[in-house]
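Trainee: Predicted model and sequence below, questions to follow.
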Amino acid sequence: MTKKRTINELRQTKDSVYKHPEGHVKIHGDMQSDKFYNIIKDITKDTPNDSMLGEKIRHMLWDIEKENEKGEH
C-alpha cells in the first residue's frame, strides 16, 4: 500500500517545468525596446513603492505619446 501524501506534499509536486526557449533576459530585439527596458529598470530602482512607480511610468508614456503626436503634425 502506498503512503498517503499530505496536502503540502501534493502542492509541492511538479509534473513539468516550463523553460522559455529564449530565456527571460531579452524582451524584444530592437534598440527602442532595450532603451525603454533600461529606463524602466532604472526607475524601478529609484522608486520606493508600486503606486509611485506606476505614476512615473504613466507620465513617461504620456510624454512619449505627446512627442509622437508632435512628429505626426
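Mentor: Thanks, I have the structure now.

Trainee: all helices of the protein, in order?
Mentor: 7-11, 31-46, 50-72 (DSSP state H).

Trainee: relative to helix 31-46, how tilted is the last one?
Mentor: Note on geometry: by axes from the mean of the first three to the mean of the last three Cα atoms, to 10 degrees, helix 50-72 and helix 31-46 are set 150 degrees apart in direction.

Trainee: Put the alpha carbons of the worst-scoring helix or strand of the chain on mean pLDDT into CSV.
Mentor: One helix or strand of the chain scores below all others by mean pLDDT, DSSP states H and E: helix 7-11, with a mean of 77. C-alpha atoms of helix 7-11 as CSV (Å, rounded to 0.1, in the frame of the first residue of the first chain):
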residue,chain,number,x,y,z
ILE,A,7,-1.7,18.4,1.3
ASN,A,8,1.7,20.1,1.5
GLU,A,9,3.4,17.2,-0.3
LEU,A,10,0.7,17.3,-3.0
ARG,A,11,1.2,21.0,-3.5
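
Trainee: Which other helices and strands does it contact?
Mentor: If you count contacts as 3 or more Cβ pairs under 8 Å, 6 or more residues apart in numbering; DSSP states H and E, helix 7-11 packs onto no helix or strand. C-betas here are computed from N, CA, C, even on glycine.

Trainee: Number of residues surrounding S51?
Mentor: Residues near S51, counting by other Cβ atoms under 10 Å, number 9.

Trainee: State the distance from it to K41.
Mentor: 18 Å (Cβ to Cβ, to the nearest Å).

Trainee: Also H59?
Mentor: Taken as Cβ to Cβ, the span from H59 to K41 is 17 Å.

Trainee: Could you do G54 as well?
Mentor: 15 Å.
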